[in-house]
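J.: no sequence for this one, just the structure:
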DNA sequence: GACAAGTTATATCAAATCGATATATATCAA
DNA sequence: TTGATATATATCGATTTGATATAACTTGTC
């Protein structure tokens, strides 16, 4: 699942500029399990253009650089369908927070608790945002993926709360120090 | 959190060869949220060697290439502690399975259900494996991270079961076709 | 009203990483 | 015996990351 396929996935839902593709990958419903930066999106769009999988039109804007709106072609749709026919690779998770907590013994005193609290808060916010989303109109695939994501984020918040005591020795000392 | 830091993290728990580092990153307790291939591990070890953060000794073996055992140095430990002092970046999740299910409308009939069943089974196995792990001797950080991971995997299995019906139209047709 | 910070928009580039492949042998199952 | 899996290192092109550059508008704050 390279960035080219990711772009096709965004464009199949509607035309967009490179900038808008990145925004959708960050804020849209795909954000939970996809990611790409400008450094890969712009070259990807260039390659898609060269292969005829997307067309584009330039819209000049005052003050800002021209906006290039990309639109998927029939060939692009076919290529996207083909990409979806491969076997999905295993999920990849990269969590620096959990890596750091794993090595708690090498962290400064109280640092693990700090990281864990920020971690909980991040996922609490995401979970809250997802809970209020309205998907009654969305297709089954969207609803399914949303439900899985929400369950995971709620499980994280819950599990952090249930297990935080494991790291709390330091924290109590720190809390005491701050109080006095 | 680059591969150099990942290698130091493995080596701080005991000496290992490049091959063994990869195995630990795949099968060990770090596997849940880390990943690296040979193409990044061997160059990383080379750089760590050059910086004096690890030492190595060659052990000749019959039939197989010489095994190079790497060991972290005091400088390496210091560098690892320093790396742990940065702010952790946001978690990154990459899931081709969920991406494909999101675009269910573009998948062949019944394919989404197939993917989802394989997905459930993968995490069911991981969750089962984690449930029987004995961590009574492990440090708090290990136990915490293990608990979070287990909760996530169990939440996935559970959520897939609760939401599978959203994708089941196709499946029922397929099941019928197979039965006859 | 001035200044900082954030948003919209494209693009490049070095460094890091991925994924496949090469090389060799041993072992175990079909 | 054929194929698959495991041990072990290593390289290499293609892809991706993360930082940076450029430029002007918008929004909030003192």
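T.: All right, it came through fine. Values in this document were obtained by computation on a predicted structure and should not be read as measured data. Numbering: from 1, shown residues only, chains lettered A, B, ... in the order given.

J.: residues in contact with the residue most central in space within chain A?
T.: Geometric centre of chain A, nearest residue: residue A:31, 3.2 Å, by CA atoms, centre = their mean. Residue A:31 makes contact with A:24-25, according to CB atoms under 8 Å, 6 or more residues apart in numbering or on different chains. Every C-beta, even on glycine, is put in place using the N, C-alpha and C of the backbone.

J.: Mind doing that once more with 10 Å?
T.: Contact partners of residue A:31, counting by CB atoms under 10 Å, 6 or more residues apart in numbering or on different chains, are A:23-25, A:126, A:149, B:93.

J.: Doesn't residue A:135 lie inside a helix?
T.: No: going by DSSP: H, G, I helix; E, B strand; the rest coil, the assignment for residue A:135 is coil, not a helix.

J.: Hmm, it is touching residue A:146, no?
T.: Yes: using CB atoms under 10 Å, residue A:135 is in contact with residue A:146, at 5.7 Å.

J.: sorry, back to before: model confidence for the residue nearest to the centre of chain A, exactly?
T.: pLDDT, residue A:31: 94.

J.: go on, residue A:176?
T.: 51.

J.: where exactly do the strands run in chain A?
T.: Along chain A, counting by DSSP state E, strands occupy A:54-59, A:67-72, A:92-94.

J.: Give me the contact list for the second one.
T.: The contact list for strand A:67-72 (CB under 10 Å, 6+ apart) reads A:7-21, A:42, A:45, A:48-49, A:53-61, A:76, A:79-80.

J.: Quickly list what's touching both of residue A:135 and residue A:146.
T.: residue A:29.

J.: if we can go back for a sec, pull out the buried residues from the contacts of residue A:31.
T.: Buried members of these, scored by 16 or more other CB atoms under 10 Å in any protein chain shown, are A:24-25, A:126, A:149, B:93.

J.: got the contact list for whatever residue of chain A ends up closest to DNA strand D?
T.: Residue nearest to DNA strand D within chain A: residue A:39 (2.1 Å; CB to the nearest atom of the strand). Residue A:39 sits next to residue A:3 when contact means CB under 10 Å, 6+ apart.

J.: on that earlier part again, which one of the contacts of residue A:31 sits closest to DNA strand C?
T.: residue A:23 (6.1 Å).

J.: quick one, what contacts that closest one?
T.: With CB under 10 Å, 6+ apart, residue A:23 has these contacts: A:10, A:16-17, A:31.

J.: Please apply the same query to residue A:6.
T.: Contacts of residue A:6 by CB under 10 Å, 6+ apart are A:21, A:24-25, A:30, A:34-36, A:40-41, A:44, A:83, B:99.

J.: can you tell me which helix in chain A is longest?
T.: helix A:140-163 (DSSP state H).

J.: mind listing what's buried in that one?
T.: So helix A:140-163, judged by 16+ other CB under 10 Å, has buried residues A:140-160, A:163.

J.: now it: how far from the chain's centre is it?
T.: Chain-centre distance of helix A:140-163: 14 Å, with CA atoms, centre = their mean, to the nearest Å.

J.: Any part of it near chain B?
T.: Yes: using CB under 10 Å from any CB of the partner chain as the criterion, contacts between helix A:140-163 and chain B involve A:140-160, A:162-163.

J.: Contacting DNA strand D as well, which ones from the buried residues of helix A:140-163?
T.: The overlap between the buried residues of helix A:140-163 and the neighbours of DNA strand D (CB under 7 Å from any atom of the strand) is empty.

J.: Straight-line length of stretch A:60-76, end to end?
T.: 25 Å (CA to CA, to the nearest Å).

J.: lowest-confidence helix or strand of chain A?
T.: Scoring the helices and strands of chain A by mean pLDDT, DSSP states H and E places helix A:168-179 at the bottom, with a mean of 53.

J.: okay if I get the contacts of residue A:6 as a markdown table plus distance to residue B:106?
T.: Listed next are the contacts of residue A:6 as a markdown table, based on distance: CB to CB, whole Å:
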| residue | distance to residue B:106 |
| --- | --- |
| A:21 | 18 |
| A:24 | 17 |
| A:25 | 18 |
| A:30 | 14 |
| A:34 | 16 |
| A:35 | 21 |
| A:36 | 19 |
| A:40 | 22 |
| A:41 | 21 |
| A:44 | 19 |
| A:83 | 10 |
| B:99 | 11 |
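
J.: If I look at the residue of chain A closest to DNA strand D, what pLDDT would I see?
T.: 96.
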